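J.: the following block contains a protein sequence and its predicted model.
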Amino acid sequence: MLCPKCGADTEVRDSRPYKNYVRRRRHCKSCKHRHSTIELASDLSFGKIQTLLKETKAALNNQNASIDKAARRIRHVESELVKLNDKIADAENAP
Ligand SMILES: [Zn+2]
């Protein structure tokens, strides 16, 4: 598999079976670009491939939503830590 960014050879870093396909995490040997590939059995019909792609897209969207939610939680905790830090600094500076 060639790198979609620079065209150099890539290597597989992780390989996970999922339903009727295998998802591989790849790493470019030249530019270090990371990307994923999905390997499907060749006897699948076009309709089945479309269904699997739709399922994959939905799974990735759910994953992105979870990442966004986690990022919002982290930002909230960081904000609370800044407020707490300010309160501590105010208390230490109080006469
Ligand atoms: Zn590359």
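T.: Thanks, I have it.
J.: what residues does the protein have near the ion?
T.: Counting by CB under 5 Å from the ion, the chain comes close to the ion at 3, 5-6, 8, 28, 30-31, 33. Just so you know, the C-beta spots here come from the backbone N, C-alpha and C atoms, and that holds for glycine as well.
J.: with pLDDT and secondary structure added, can I get those residues in JSON lines?
T.: Below are these laid out as JSON lines (pLDDT from 0 to 100; DSSP: H, G, I helix; E, B strand; the rest coil):
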{"residue": "C3", "pLDDT": "94", "secondary structure": "coil"}
{"residue": "K5", "pLDDT": "95", "secondary structure": "coil"}
{"residue": "C6", "pLDDT": "96", "secondary structure": "coil"}
{"residue": "A8", "pLDDT": "96", "secondary structure": "coil"}
{"residue": "C28", "pLDDT": "96", "secondary structure": "strand"}
{"residue": "S30", "pLDDT": "97", "secondary structure": "coil"}
{"residue": "C31", "pLDDT": "97", "secondary structure": "coil"}
{"residue": "H33", "pLDDT": "96", "secondary structure": "coil"}
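J.: show me how to select, in PyMOL, the buried members of these.
T.: Selection of the buried residues among the residues of the chain next to the ion in PyMOL, burial being defined by 16 or more other CB atoms under 10 Å:
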select buried, resi 3+28
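J.: mind giving me the packing neighbours of the helix or strand where K83 lies?
T.: According to DSSP states H and E, K83 maps onto helix 46-93. Here helix 46-93 touches strand 34-40, going by 3 or more CB pairs under 8 Å, 6 or more residues apart in numbering; DSSP states H and E.
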